[in-house]
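Colleague: take this sequence and fold it.
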Amino acid sequence: MSAIRTSFLAALLAMTFATTSLLSFVGHAGSDHEEILALYQGWIRAVEGGDIDGYVGGLHPDVSLRPPGVMGLDGRDNYRNFLGPVFETARYEITIDTPHNITMMGDAAVVEYDYTIRRIVDASADADLPEGALQGESTTSHYIDVVAKDDSGAWKIRLHSWSMTL
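Modeller: Numbers count the residues shown, from 1 in each chain. The predicted structure follows:
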């Protein structure tokens, strides 16, 4: 083979390899993005359905909850206990005001979004809400979460935090 032809084939092979590697990365990032969005859709269904198991299923084992103005809590079991009176006393409707903006960072991502959560109180329920639980009839907030892959490689919410905007 001539030197020009060999150089051309080597360059073509290098470009093919680089393109394939890039497409693989982009495809992986796209599927991660879709998996994270699916995580949040499942979380919305769990909240609106009063499904504690479904809600907790989306949490990382080492989850941290950081509501505005209070200390918050750490760990999936503590979060589950927090949710008991939250779901006993009301049902919830969520409006997505600003869609989820996902910034990928390897096996973690930052997710920002705005929700308005309408709380419909069950007047017959007799439970005290824990510190940090939403208490208003309607709350609009800006959320900043960190999601991370758990040991099985599934995306889970590692940090859930927000600030009220209205």
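
Colleague: ramachandran angles for the nearest residue to M71 once chain neighbours are set aside?
Modeller: Excluding its sequence neighbours, the residue lying closest to M71 (CB to CB, 6 or more residues apart in numbering) is E131, at 7.6 Å. (C-beta placed from N, C-alpha, C; glycine too.) Main-chain torsions, E131, degrees, to the nearest 10: phi -60, psi 130.

Colleague: E131 - how many residues pack around it?
Modeller: A count of nearby residues for E131, using other CB atoms under 10 Å, gives 12.

Colleague: residues contacting it?
Modeller: P67, V70, M71 (CB atoms under 8 Å, 6 or more residues apart in numbering).

Colleague: and for I94?
Modeller: Counting by CB under 8 Å, 6+ apart, I94 makes contact with I44, V47, E48, Y115, T116, I117, R118.

Colleague: now a PyMOL select for only the buried ones of those.
Modeller: Filtering the contacts of I94 down to the buried ones (16 or more other CB atoms under 10 Å) takes a single PyMOL command:
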select buried, resi 44+47+115+117+118
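
Colleague: how close does the residue nearest to M71 get to L59?
Modeller: Look at E131 and L59: by CB to CB, to the nearest Å, they are 19 Å apart.

Colleague: good, wrapping up.
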